[in-house]
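Participant: I'd like to go over a predicted model; first the sequence, then the structure.
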Amino acid sequence: MTDRIIFVGILVLAGIYFWATSQIPTLEIGDPLGPKAFPRLLGVGLLIAAAMLLAEMIKESKAPKEQPGEETAATEPQDTSSYKIVAGAVVVTGTYFALFEPLGYAVSTSLFLLVMTSYFHKGKTWTNVLTSLLYGFLSYYAFTKLLGVNLPSGILPF
């Protein structure tokens, strides 16, 4: 049931995202692809993720069912730890959005990745720290210097 809810949620999000993308003004001068190309590509990525989830749901529905003598998941107590993980990820992501402008892209992205990798990749402190810092600062450099994208610098002087 959870997969179906997520599937519908992805489709709704993709629909809203495509609608919002269509509201981006298009200029007749400049880049022939225009400012809508990358957001539309992300929307297509959402639809691909929804299609992959649908394929997984169909595959699971065709899987052999449990025998009548075996214990079913319905008789086991409901595990709520996955709900806590999702709620925690939502809180961390919301905090990332709130700190994005004041701290800047590089710092807020590095902190966000550090928190997430520290939870999902426990015990690998140096790997988590290096990955988070390198990704945050190298992607900031790539976007601002190489691609000319304006990102907030925040508390850092560059």
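Facilitator: Good, I have the coordinates. Remember, it's a predicted structure, so these values are computed and weren't measured experimentally.
Participant: contacting residues around Ser153?
Facilitator: Counting by Cβ atoms under 8 Å, 6 or more residues apart in numbering, Ser153 touches 104-106. Where you see a C-beta, it was placed from the backbone N, CA and C, and this is true even at glycine.
Participant: 10 Å instead?
Facilitator: Counting by Cβ atoms under 10 Å, 6 or more residues apart in numbering, Ser153 makes contact with 103-107, 140, 144.
Participant: pLDDT of the host helix or strand of Ala51, averaged?
Facilitator: Ala51 is part of helix 37-62, with elements assigned from DSSP states H and E. Here helix 37-62 scores 87 as its mean pLDDT.
Participant: selecting buried members of the contacts of Ser153 in PyMOL, what would you type?
Facilitator: In PyMOL, a selection of the buried entries from the contacts of Ser153 looks like this (16 or more other Cβ atoms under 10 Å):
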select buried, resi 103+104+105+106+107+140+144
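Participant: on that earlier part again, buried sites along the helix holding Ala51?
Facilitator: Quick answer for helix 37-62 (16+ other Cβ under 10 Å): 40, 43, 46, 50, 53.
Participant: now flag whichever of those residues is closest to Asn150.
Facilitator: Within the buried residues of helix 37-62, the smallest distance to Asn150 is 20.3 Å, found for Arg40 (Cβ to Cβ).
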